[in-house]
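Student: Fold the stuff below for me.
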Amino acid sequence: CFEHLKRTGTFFSAYDLSEYTKGSGEYLGLHSQTLQAINETHAKSRKQFKKAKLNWRSNRPDAKRKSLGWIPFKKSAIKYLHTRQTGKKALKSTIQLSLSKGRKLIIDVFDSYNLSLYQINTLEIVQDSRNRWYACITIKEYPKQPCGKGSVGIDLGLTESATTSNGDKLTIKQTQKWATKLAVAQRAKNKKRVKAIHAKIKDTRQDLIHKFTSKLVKANNLIVVGKIKSNSFT
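Tutor: Predicted structure coming up:
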């Protein structure tokens, strides 16, 4: 891409990249549409960050900028097999993913939505900082849920991340809650435990935001967010 940019002054598009990587799926053991999805993400990221070259990352565990695993699959490479019950309420679904030369990868995922009711559109296998793997799935025609009939205003703040006109508050600062355990792990130089605590803080923050916003959307059809600039008070 960079050599083409120097010669012509134009960037490769995702289509151009796909022409150059055609046939490499057999060598890499990947589905052709997986390579296309990677090319699309590369072109999109280069345009988003306005860079001629994207930063390279290594998959070595001792590298400073470690690259986390990410493998995308498009609809044609995904086949839903079945869903089974593993407990009183828990479900587990089995999905088949196509690789090159007829090779297939079969994975089991914990299913809280019951995938048998939906049509899978895309799937990405992603790795987190603790080397755990997740299947991120998008579906087609998710059943629409009617929103509420109320209205609410939201005030963004510093102590509380958000406060609604109804008095509900969103607090996402979780570091202080885990400060003691985090300090103990850092003094012991237990990197695995430090990563786990930071991941717990991140997951808790995302869970609080998701529950707060979902509650607002279900109860209101008008949401007004206040916009305050600090320079307006000077």
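Student: Quick check: I201 vs T171, distance?
Tutor: Noted for I201: a distance of 13 Å to T171, by CB to CB, to the nearest Å. For every residue, glycine as well, the C-beta is placed using N, CA and C.
Student: of the two, who's got more company?
Tutor: For I201 and T171, the more surrounded residue by other CB atoms under 10 Å is I201, and the numbers stand at 17 against 13.
Student: Let me know the secondary structure of L208.
Tutor: Here L208 is recorded as helix under DSSP: H, G, I helix; E, B strand; the rest coil.
Student: Now it: closest residue in space that isn't a chain neighbour?
Tutor: Spatially, and ignoring its direct neighbours in sequence, L208 is nearest to I172 (5.5 Å; CB to CB, 6 or more residues apart in numbering).
Student: Test my guess that that neighbour contacts R205.
Tutor: Yes - with contacts counted by CB atoms under 8 Å, I172 reaches R205, the gap being 4.6 Å.
Student: For the chain, give me the ranges with low pLDDT.
Tutor: For the chain, applying pLDDT under 70 flags the ranges 143, 158, 228-234.
Student: can you map out the strands along it?
Tutor: Here the chain has its strands, by DSSP state E, at 70-73, 78-85, 91-98, 104-111, 119-127, 133-140, 150-156, 162-164, 169-170, 220-225.
Student: Now do the fifth one against strand 133-140, angle only.
Tutor: In this structure, strand 119-127 runs at an angle of 160 degrees to strand 133-140, with axes from the mean of the first three to the mean of the last three CA atoms, to 10 degrees as the basis.
Student: So what are the sheet partners of strand 119-127 and their directions?
Tutor: Paired strands of strand 119-127, with direction, are strand 70-73 (antiparallel), strand 133-140 (antiparallel) (DSSP bridges).
Student: Out of those, which gets nearest to F49?
Tutor: Closest of the strands paired with strand 119-127 to F49 is strand 70-73, at 16.8 Å (criterion: CB to CB).
Student: and that closest one, how far out from the chain's middle?
Tutor: Here strand 70-73 is found 12 Å from its chain centre; the criterion is CA atoms, centre = their mean, to the nearest Å.
Student: Now do the helices in the chain.
Tutor: Here the chain has its helices, by DSSP state H, at 2-8, 14-20, 24-28, 32-49, 179-187, 191-219.
Student: Only C-alpha atoms, please: export stretch 205-214 in PDB.
Tutor: Provided in PDB are the C-alpha atoms of stretch 205-214 (Å, rounded to 0.1, in the frame of the first residue of the first chain):
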ATOM      1  CA  ARG A 205     -18.000   0.100  33.900                       C
ATOM      2  CA  GLN A 206     -19.400  -1.200  30.600                       C
ATOM      3  CA  ASP A 207     -22.100  -3.100  32.400                       C
ATOM      4  CA  LEU A 208     -23.200  -0.100  34.300                       C
ATOM      5  CA  ILE A 209     -23.300   2.100  31.200                       C
ATOM      6  CA  HIS A 210     -25.300  -0.600  29.300                       C
ATOM      7  CA  LYS A 211     -27.900  -1.000  32.000                       C
ATOM      8  CA  PHE A 212     -28.300   2.700  32.500                       C
ATOM      9  CA  THR A 213     -28.700   3.500  28.800                       C
ATOM     10  CA  SER A 214     -31.000   0.500  28.200                       C
END
